[in-house]
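A.B. asks: structure for the following, please:
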Amino acid sequence: MVSGLNYLTYDELGITAVVIAAALAFIVLAWNAIKAIHDWREIAKKPTDERIEDHEQRIAKLEECCDEAHGKLKADWDFQQDEKEFNLIMLEAVGQLMKHALDGNDTDGLKAADEKIDKYLREKSQR
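C.D. replies: Numbers count the residues shown, from 1 in each chain. All right, here's what the predicted structure looks like:
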């Protein structure tokens, strides 16, 4: 079939119209995709007040938790150091008892160990 136009046939006009429609659809689709990506990036870049407030609350909770954990760890460390000191004094006292049991003469060492234990206990009771 021949159309009224001498240089295009009916089949060529249909194909041309389909190609133009597809090109326009592609342009609209690409424009919408670019716009969606741009809008998403703008939302991601600009934090909202709600998100900032939520982050500040979460950070405050984490800081509170860290302070509490730090306090507990410090208390444990102090307790371990006290126990270490007391264990050394007790080992020294046991050593003095063993010396006294072996020769029966070293009462001065026993008195010194007893004084160290008394001093340690007095210091601990004052804290």
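
A.B. asks: output the contacting helices and strands for the helix ranked longest in the chain.
C.D. replies: In the chain, with assignment by DSSP state H, the single longest helix is helix 49-103. With contacts defined as 3 or more Cβ pairs under 8 Å, 6 or more residues apart in numbering; DSSP states H and E, the packing partners of helix 49-103 are helix 107-126. C-beta: built from backbone N, CA, C; applies to glycine.

A.B. asks: which parts of the helix it packs on are buried?
C.D. replies: By 16 or more other Cβ atoms under 10 Å, the buried positions in helix 107-126 come out as 109, 113, 116, 120.

A.B. asks: now do stretch 93-110
C.D. replies: In stretch 93-110, counting by 16+ other Cβ under 10 Å, buried: 93, 96, 100, 106, 109.

A.B. asks: off-centre distance for stretch 84-103?
C.D. replies: 46 Å (Cα atoms, centre = their mean, to the nearest Å).
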